[in-house]
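Q: Predicted coordinates and the sequence they were generated for:
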Amino acid sequence: MKFAERTITLKDGRTCILKPNSPEYAAEMIEYLKKTCAETDFLLRNPDEVNFTLEREAEILGNLLEDPYHAMMIALVDGRPAGNGSVSGIGEKRKIRHRCSLAIALYKEFWGLGIGTAMIDYLSELARGIGWEQMDLEVVAENERAQALYKKCGFIESGRRHNGVRFDDGTYHDEILMYKDLTK
């Protein structure tokens, strides 16, 4: 989805540009995925599972840019990626097409600067514009930092998925299910 670029001021005084992710950032996105997955266990992928070719990543980003029901946002600080976020529909069936799903991650060096909040707020605005009424997400139960961010942005805990994820060390972790009412 194409949408207007937005500039925000970070807590440290720098500016951050929130804009549609696009094929021109394919190489940076592959590196971003590898590094952010290595910085925390709380993301869905492990670094060795990031195996997109440059061509495939550019194709994916190009397709998402043209999809009116998927918004993928890149956050740029000092001209380089700081994070990525997206919102996409849960499904096409009438009973669930009022819902969308949020995903977001930042490089660790950019945590706590206000980027996550700004991205979630803007993605919520875009989701409302598409017509979605509810935004869902899952977060690893031990990821208290992310849960605090989501609650700050209006998400409410709605349940728990027992042993929802298994880390490479063999430990299981529950997922907290959260939602945000986009009609308010």
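A: Arrived safely. Residues are numbered from 1 along each chain as shown.
Q: pretty sure F3 contacts P20?
A: Yes: look at F3 against P20 with C-beta atoms under 8 Å: they come within range, at 5.8 Å. C-beta here means a position set from N, CA and C on the backbone, and glycine is covered the same way.
Q: Find residues that contact each of these two.
A: Here F3 and P20 share the contacting residues A71, scored by C-beta atoms under 8 Å, 6 or more residues apart in numbering.
Q: Go through the chain and flag its longest helix.
A: Longest helix in the chain, counting residues (DSSP state H): helix 115-130.
Q: Show me where the protein has its helices.
A: Using DSSP H, helices in the chain cover 26-39, 54-66, 115-130, 144-152.
Q: For the first one, output the C-alpha coordinates as PDB.
A: Put plainly, it is helix 26-39. Output of helix 26-39 as PDB, limited to C-alpha atoms (Å, rounded to 0.1, in the frame of the first residue of the first chain):
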ATOM      1  CA  ALA A  26      15.500  -5.000  -0.200                       C
ATOM      2  CA  ALA A  27      19.200  -5.400   0.700                       C
ATOM      3  CA  GLU A  28      18.700  -3.400   3.900                       C
ATOM      4  CA  MET A  29      15.600  -5.400   4.800                       C
ATOM      5  CA  ILE A  30      17.400  -8.700   4.500                       C
ATOM      6  CA  GLU A  31      20.200  -7.400   6.800                       C
ATOM      7  CA  TYR A  32      17.500  -5.900   9.200                       C
ATOM      8  CA  LEU A  33      15.700  -9.200   9.500                       C
ATOM      9  CA  LYS A  34      19.000 -11.100  10.200                       C
ATOM     10  CA  LYS A  35      20.200  -8.600  12.800                       C
ATOM     11  CA  THR A  36      16.900  -7.900  14.600                       C
ATOM     12  CA  CYS A  37      16.300 -11.700  14.900                       C
ATOM     13  CA  ALA A  38      19.700 -12.000  16.400                       C
ATOM     14  CA  GLU A  39      19.200  -9.200  18.900                       C
END
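Q: Which residues does that helix contact?
A: By C-beta under 8 Å, 6+ apart, helix 26-39 touches 21, 43, 45-47, 49-50, 52, 54, 57-58, 61, 74, 80-81, 83-84, 105-108.
Q: Just list the residues touching the residue positioned nearest the centre of the chain, thanks.
A: With distances taken as C-alpha atoms, centre = their mean, I104 lies nearest the centre of the chain, 1.9 Å away. Shown in contact with I104 (C-beta under 8 Å, 6+ apart): 83-86, 116, 119-120, 123.
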